[in-house]
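**Q** Here's my sequence, what's the structure:
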Amino acid sequence: MQLKASRIPTLLVTGCNGQVGFELRRSLAPLGRVVALDRSGCDLSRPDEIRRRVRELRPDVIVNPAAYTAVDKAEADAETAFAINATAAGVLAEEAKVLGSLLVHYSTDYVFDGRKEGPYVETDAVAPQSVYGKSKLAGELAVAATGAAALVLRTCWVAGAHGGNFAKTMLKLARERDSLRVIADQFGAPTTAALIADVTAQIIARHWLFGERAEFAGGIYHLAAAGETSWHGYASEVVRYAAAKGVELKVDPAAIEAIPATAYPLPAPRPSNSRLDTGKLRETFGIYLPDWQQGVHLLLDQILT
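**A** Residues are numbered from 1 along each chain as shown. Down below sits the predicted model:
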């Protein structure tokens, strides 16, 4: 049923100081009263606190970008990773079902093993290789088990103007070092937090708040910018664009060394293939996803100014 124009909806956002959470505060603002909570406002490692806050606020939509994203640290801190990425997601879904609200939850390409040759579709077999990936998959399953109206958006290679990320790191290193060595055999699509937030707002507005809720097509969808590149290609584009904007750099964009992932071992394995097929999202919700370069350029314009 369509939301009555006279009633202002409440939208609850967790993890409001994270990359995606920060952008959601902007993108959701025209849709209603946004209640943005950081960890001090709602500690997702405490299920009772989650339930209390949701029952107090009674939101029409719960958007949950909060996550334990320290991929390497999670290998030795599985309990916390599962509490935030899995248990909390299930609790939010349970409360959303009771209220008849929509839950928007974010997941990751790490639920796959990264060995497929082409882009992953939503129905491909999952096989996470890290604690982080396993905890995010457990979150997907916990949400699905409740039967709540839920949208699970898997994304990859997220970067925002607010918070730390690969693009900012490359820009910093290019200013400080004479040479850079970047992995060239892992592939994905750099996806900005702004794009994720804007797509989320579009779907919520058109298909939930002001659409026929009984017809809402929930489930898992892949959300990533169009196109693909390697981490090396990503770093090269960041440095090239910054140089074109007049930023003083020590590294020549054409001189960034390409290395294999084996030359840069990390505690948690990364998928070699993080490419996500977004056809289902685009066709179901009528969403256009721009090329990754466009998003990265806009992101760098924000960072550099």
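
**Q** so residue 193 touches residue 167, yeah?
**A** No: if you go by CB atoms under 8 Å, residue 193 and residue 167 don't touch, sitting 11.0 Å apart. All C-beta atoms are positioned from the backbone trio N, CA, C, and that covers glycine.

**Q** Identify the contacts common to those two.
**A** residue 159 (CB atoms under 8 Å, 6 or more residues apart in numbering).

**Q** Kindly check the end-to-end length of stretch 78-93 for me.
**A** Distance across stretch 78-93, first residue to last, is 22 Å (CA to CA, to the nearest Å).

**Q** Next one: the closest residue to residue 121 other than its chain neighbours from residue 158, what distance?
**A** Closest residue to residue 121 apart from its sequence neighbours, by CB to CB, 6 or more residues apart in numbering: residue 277 at 4.6 Å. For residue 277, the distance to residue 158 equals 18 Å [CB to CB, to the nearest Å].

**Q** higher neighbour count, these two?
**A** The neighbour count for residue 277 versus residue 158, taken as other CB atoms under 10 Å, is higher for residue 158 (22 against 15).

**Q** If we go by neighbour counts, what in the longest helix along the chain is buried?
**A** Longest helix in the chain, counting residues (DSSP state H): helix 131-146. For helix 131-146, the neighbour count (16 or more other CB atoms under 10 Å) marks 131-140, 142-144, 146 as buried.

**Q** Which phi and psi values does residue 190 adopt?
**A** Dihedral angles of residue 190 (phi, psi; degrees, to the nearest 10) stand at phi -50, psi 130.

**Q** Correction: the previous question concerned residue 32.
**A** phi 160, psi -160.

**Q** Tell me the buried residues in stretch 144-160?
**A** 144, 146, 148-160.

**Q** quick one: which of those residues is nearest to residue 284?
**A** residue 151 (10.3 Å; CB to CB).

**Q** Quick check: that closest one touching residue 101?
**A** No: between residue 151 and residue 101 there is no contact under CB under 8 Å: 11.7 Å.

**Q** Residues in contact with the strand or helix carrying residue 80: which ones?
**A** Counting by DSSP states H and E, the element that carries residue 80 is helix 78-82. By CB under 8 Å, 6+ apart, the residues outside helix 78-82 that reach it are 45, 68, 74, 131-132, 134-135, 138.

**Q** picking that back up, could you say what helices and strands the longest helix of the chain packs with?
**A** helix 78-82, helix 88-99, strand 102-108, strand 150-155 (3 or more CB pairs under 8 Å, 6 or more residues apart in numbering; DSSP states H and E).

**Q** Strands of the stretch 101-250 of the chain, start to end?
**A** 102-108, 150-155, 158-159, 181-183, 187-188, 191-192, 219-222, 229-230 (DSSP state E, counting those that start in this stretch).

**Q** what's the model's confidence in the helix holding residue 80, averaged?
**A** The average of the pLDDT scores along helix 78-82 is 98.

**Q** can you check stretch 128-139 too?
**A** 98.

**Q** export that stretch as CSV, just CAs?
**A** Output in CSV follows, covering the C-alpha atoms of stretch 128-139 (Å, rounded to 0.1, in the frame of the first residue of the first chain):
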residue,chain,number,x,y,z
PRO,A,128,33.7,-17.4,1.4
GLN,A,129,37.4,-17.8,2.1
SER,A,130,37.8,-15.4,5.0
VAL,A,131,36.2,-14.9,8.4
TYR,A,132,34.9,-11.5,7.1
GLY,A,133,33.3,-13.2,4.1
LYS,A,134,31.8,-16.0,6.3
SER,A,135,30.3,-13.5,8.7
LYS,A,136,28.7,-11.5,5.9
LEU,A,137,27.2,-14.6,4.4
ALA,A,138,25.9,-15.5,7.8
GLY,A,139,24.2,-12.1,7.9
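
**Q** what's the offset of it from the middle of its chain?
**A** Computed by CA atoms, centre = their mean, to the nearest Å, the chain-centroid distance of stretch 128-139 equals 14 Å.

**Q** what do you get for stretch 10-28?
**A** 12 Å.

**Q** For this protein, which residues score under the pLDDT cut-off?
**A** For the chain, the stretches flagged by pLDDT under 70 are 1-6.

**Q** what about 90?
**A** 1-7, 163, 210-215, 253-255, 305 (pLDDT under 90).

**Q** where exactly do the helices run in it?
**A** Using DSSP H, helices in the chain cover 19-27, 47-57, 78-82, 88-99, 131-146, 166-176, 193-204, 231-244, 279-285, 292-304.
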